[in-house]
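**Q** Quick one: sequence and predicted model below, then my questions.
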Number of protein chains: 2
Amino acid sequence: MRQNSEKIVIIGAGFGGLHVARRLAKSEHQVLVIDCHNYHLFQPLLYQVAVGDLESNAIASPLRPLLRAPNIRFHWGCVEKIDWNENKIHCTDGIEISWDKLILSFGTVTNFFGNKEIAENALHLKNIEAAEHVQSRIIAALEKASSSVSEEEQRRLLHFVIAGGGPTGVEFCGALLELLRIIIPRDYPELSHSTYQVTLVQGGDALLPGFDEKLQKKAYEKLQNLGADILLGKHADGFDGKTVRLGDVQIPAATLIWTAGVTAHPLIHQIPGKKMHNGRIPVDQHCRLIDHANVYVIGDLAYGENQDKVWPQVAPFAVQSAEHVAKHITSGKKSDHLSPFIYKDPGSMAVLKAFDGVCQIPRYHLQLTGLPAWLLWLFVHLYGIIGGRNRILALLDWGADYIRHNAAVTLIREDKNK
Amino acid sequence: MRQNSEKIVIIGAGFGGLHVARRLAKSEHQVLVIDCHNYHLFQPLLYQVAVGDLESNAIASPLRPLLRAPNIRFHWGCVEKIDWNENKIHCTDGIEISWDKLILSFGTVTNFFGNKEIAENALHLKNIEAAEHVQSRIIAALEKASSSVSEEEQRRLLHFVIAGGGPTGVEFCGALLELLRIIIPRDYPELSHSTYQVTLVQGGDALLPGFDEKLQKKAYEKLQNLGADILLGKHADGFDGKTVRLGDVQIPAATLIWTAGVTAHPLIHQIPGKKMHNGRIPVDQHCRLIDHANVYVIGDLAYGENQDKVWPQVAPFAVQSAEHVAKHITSGKKSDHLSPFIYKDPGSMAVLKAFDGVCQIPRYHLQLTGLPAWLLWLFVHLYGIIGGRNRILALLDWGADYIRHNAAVTLIREDKNK
């Protein structure tokens, strides 16, 4: 071990954890990355797996090849308990890991806001299994509808409700409408006389919170033109698998996809100190846990503000906070003189359908809609997908989908008997 | 309905069922295909999914696009009961389907020969979920071994036993050895001092039954050179998840992959009349169920002989029997004059590793080994994979794998906590 070498343990290999580890490659420190999965997931494109536009392999990259460096090790494991007195992590498989510096990047899970009925019956979009399950359920609904003799049941099966009007809900809504528009007349001629329906429920008074009002309206109009029913200022508060309830209103629908919020991963209960809204952890100017100078918090978990704007829970923030933390660690004794972390908003974007989207880049006072926004989206996401093979795979899938209107994946991965 | 139109119902959309349906497209008959899955599976390549050389999407093709014809319909359903008095099928979802002619092509499942312990603890290679599960288990074993402190446990985790020396077992054995040879030094440097082991257990006295003796020996030698332990004349008769038992011999191994036999799908109990070995159904010269002129049996289920050779349970047989049955059906009244079905053996092949295989084509008294055999294998399988997109996907995966030694898929699709 070199003189200043420390043992840096990173919990979670999402955008934050992966980037901080890679920045620490070839440093003097020993780095250990822990994750429950053996792959990094490009989460912003999970909704495309859900509509069959992408296959999950295109957005999941095995971690070991990504972390190939003499000073980095990987442990496939789930953290059960963090011992703050001994600076030790206990994994569920019995392995104990000690650290000199700890980086918390275990991110978030879907937030059902304590509604057990919805948690049990709704689908979500936070991991591969969930997204593949949504895809199976959509196709299974079409199959069931096509052999159903009851018109009421058919309408119920062909009604999809999406809760949450953020980027995930909006993008999924557009992509789902496109899938149904193409696949029903082509593969389900027996359903061509029936009407399918997609309802997007948003609690706030506009879609895409945080976007400029003009873009919010644009997104609203475009989704409506695609055929979406958009309900603003409403909350889905119940779903028994057959009917979605919004207060007094009842929507007969067999599928509810929940994109209405995230909250810190349950491991948050192992972290001492104050928590903010949805379990986020307030940090100091170098993304350190308050009163724990050797513990960093990055990505969706970190709570802070720059110029009175709360940090967003998005991939660019995770990457920037990871880069700052890596810099802070490698600066050693000079780290005290490092300027505080400031989040630079690179902009926001949402794709609405093939060749169409909205995008804002505040730094240049730029707003794009339509094809230019979509092209920028394509470039950014293709660049973001890790690994040449996965990029080719994504291009191939998108090419088939956007040009030939041929969804990549429409396999039902569930047993018919269940 | 046209004058001579009959309702033809096909149970199972494997090679046989799919081909007979497609041959009946644009005929005067109404065709209904029933399958528990909504996709056709290119089963001979499942072992490649198991070693991460191919992604499952490359060998699974959604059925509806394949069956797009005005006279063909598809029902995603599982058959529960066949009513032979009323000529009706009852599905598990309550749907009832009547037929004028019935085609049985529901194929086989893995045969554990009644050994419950093995059925419970061993893995198999008969469907997508099973193959992906094998893939997850292999990678999970490497992960577990890399964090194990017990050398004995490590050896157990790194020992893989394959039961069955037919083409699937042989091909899987070669591919697994190649995967381990590449992935361990590259991604698991902590295991580079340990020895992994692959044992292939074959009940008979040679690998690849049915192949010429020279090719059998070639395959044996080549697998042995790759590092396989080959046990001939042995049977795995027990496996508790930790130790594989072969009579008195005990092999400490955490993974047993069972490729040692198939038997008719349980639906066979709904079929009247005599059954042969492993539930196969003896048929007449036009692949009809004895005493049921309106019921055909094709593919793995059909039992018959040509020139004293029992029909093999392979894809080419399924396709040829499907073609004959389609011809018999479309011939109408002239069908009595149709020549009896004769199976023409197009040859057998097995790939052993990249750029290497064995192949025999009896019609031309031709035997190939090495690169020529492998090239022929590549051509035949690429041709057999259905759909341009899937072919490109397979080529892309194989390219990455064979040329860059980069396995396509090494995701662990299971929860670490389980």
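**A** That came through, no problem.
**Q** Can you name the residues that contact A:S61?
**A** Residues in contact with A:S61, defined by CB atoms under 8 Å, 6 or more residues apart in numbering or on different chains, are A:Y39, A:H40, A:F42, A:I386, A:G387, A:N390. Glycine gets a C-beta too; all of them are placed from N, C-alpha and C.
**Q** The residues you listed in strands, which ones?
**A** Residues of those located in strands (DSSP state E): A:Y39, A:H40.
**Q** quick one: which of the contacts of A:S61 has the most company?
**A** Greatest neighbour count in those, by other CB atoms under 10 Å in any protein chain shown, goes to A:Y39: 25 neighbours.
**Q** show me the contacts for the closest residue to that one other than its chain neighbours.
**A** Excluding the flanking residues, the one nearest A:Y39 by CB to CB, 6 or more residues apart in numbering or on different chains is A:A60, at 4.4 Å. With contact set as CB under 8 Å, 6+ apart, A:A60 has these partners: A:Y39, A:H40, A:L41, A:F42, A:I128, B:L411.
**Q** Now do the helices in the stretch 251-400 of chain A.
**A** A:315-330, A:370-384, A:388-398 (DSSP state H, counting those that start in this stretch).
**Q** coming back round to it: looking at the contacts of A:S61, which is nearest B:N111?
**A** A:Y39 (34.0 Å; CB to CB).
**Q** From chain B, how far out is the most centrally placed residue in chain A?
**A** For chain A, A:Q43 is the residue whose C-alpha lies nearest the centre (CA atoms, centre = their mean; 4.0 Å). Distance, A:Q43 to chain B, by CB to the nearest CB, to the nearest Å: 15 Å.
**Q** In terms of secondary structure, what does the worst-scoring helix or strand of chain A on mean pLDDT contact?
**A** Here the helix or strand of chain A ranked lowest by mean pLDDT, DSSP states H and E is helix A:388-398, holding a mean of 75. Contact partners of helix A:388-398 among helices and strands, from 3 or more CB pairs under 8 Å, 6 or more residues apart in numbering or on different chains; DSSP states H and E: helix A:56-59, helix A:370-384, helix B:388-398.
**Q** give the contact list for the residue of the stretch 201-350 of chain A found nearest chain B.
**A** At 12.0 Å from chain B, A:P266 is the closest residue in the stretch 201-350 of chain A, using CB to the nearest CB. For A:P266, the contact set (CB under 8 Å, 6+ apart) comprises A:V109.
**Q** Mind doing that once more with 10 Å?
**A** Contacts of A:P266 were listed using CB atoms under 10 Å, 6 or more residues apart in numbering or on different chains, and they are A:F106, A:V109, A:G279.
**Q** which regions of the stretch 251-400 of chain A lie under the pLDDT threshold?
**A** Along the stretch 251-400 of chain A, segments meeting pLDDT under 70 span A:388-389, A:400.
**Q** can you give me how far stretch A:117-129 is from the chain middle?
**A** Its chain's C-alpha centre and that of stretch A:117-129 lie 13 Å apart, by CA atoms, centre = their mean, to the nearest Å.
**Q** now swap in stretch A:105-117 and tell me
**A** Taking CA atoms, centre = their mean, one finds the center of stretch A:105-117 at 12 Å from the center of the full chain.
**Q** cool, stretch A:229-244 as well?
**A** Per CA atoms, centre = their mean, the displacement of stretch A:229-244 from the mean C-alpha position of its chain is 21 Å.
**Q** now the least confident helix or strand of chain A and helix A:370-384, what's the angle there?
**A** Helix A:388-398 runs at 150 degrees relative to helix A:370-384, counting by axes from the mean of the first three to the mean of the last three CA atoms, to 10 degrees.
**Q** Just the C-alpha atoms of helix A:388-398, please, in CSV.
**A** This file holds the C-alpha atoms of helix A:388-398, laid out as CSV (Å, rounded to 0.1, in the frame of the first residue of the first chain):
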residue,chain,number,x,y,z
GLY,A,388,-19.8,0.4,-28.1
ARG,A,389,-21.8,-2.8,-28.4
ASN,A,390,-24.7,-1.4,-26.4
ARG,A,391,-24.7,1.8,-28.6
ILE,A,392,-24.9,-0.3,-31.8
LEU,A,393,-27.7,-2.3,-30.2
ALA,A,394,-29.6,0.8,-29.2
LEU,A,395,-29.2,2.3,-32.7
LEU,A,396,-30.3,-1.0,-34.3
ASP,A,397,-33.4,-1.1,-32.1
TRP,A,398,-34.2,2.5,-32.6
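**Q** Look up which residues are beta-bridged to the spatially closest residue to A:I342 that is not a sequence neighbour.
**A** The spatial neighbour of A:I342 that comes closest, neighbours along the chain excluded (CB to CB, 6+ apart), is A:N306 at 5.1 Å. Beta bridges link A:N306 to A:K309 when assigned by DSSP bridges.
**Q** now swap in A:I8 and tell me
**A** A:V31, A:K101.
**Q** Look at stretch A:140-158 and report the distance between its end residues.
**A** This stretch, stretch A:140-158, spans 10 Å end to end (CA to CA, to the nearest Å).
**Q** Determine whether any part of that stretch lies close to chain B.
**A** Yes: under the criterion of CB under 10 Å from any CB of the partner chain, stretch A:140-158 makes contact with chain B via A:A140, A:L142, A:E143, A:K144, A:S146, A:S147, A:S148, A:V149.
**Q** returning to what we had before: list the contacts for the residue nearest to the centre of chain A?
**A** A:14-15, A:59, A:107-108, A:125-128, A:131, A:168, A:300, A:315, A:318 are the contacts of A:Q43 under CB under 10 Å, 6+ apart.
**Q** Among the residues you listed, which ones are in helices?
**A** Members of the contacts of A:Q43 lying in helices (criterion: DSSP state H): A:F15, A:I59, A:I128, A:A131, A:T168, A:A315, A:A318.
**Q** Excluding chain neighbours, what is closest to the fourth one?
**A** Closest residue to A:A131 in three dimensions, ignoring its sequence neighbours and counting by CB to CB, 6+ apart: A:V49, at 4.0 Å.
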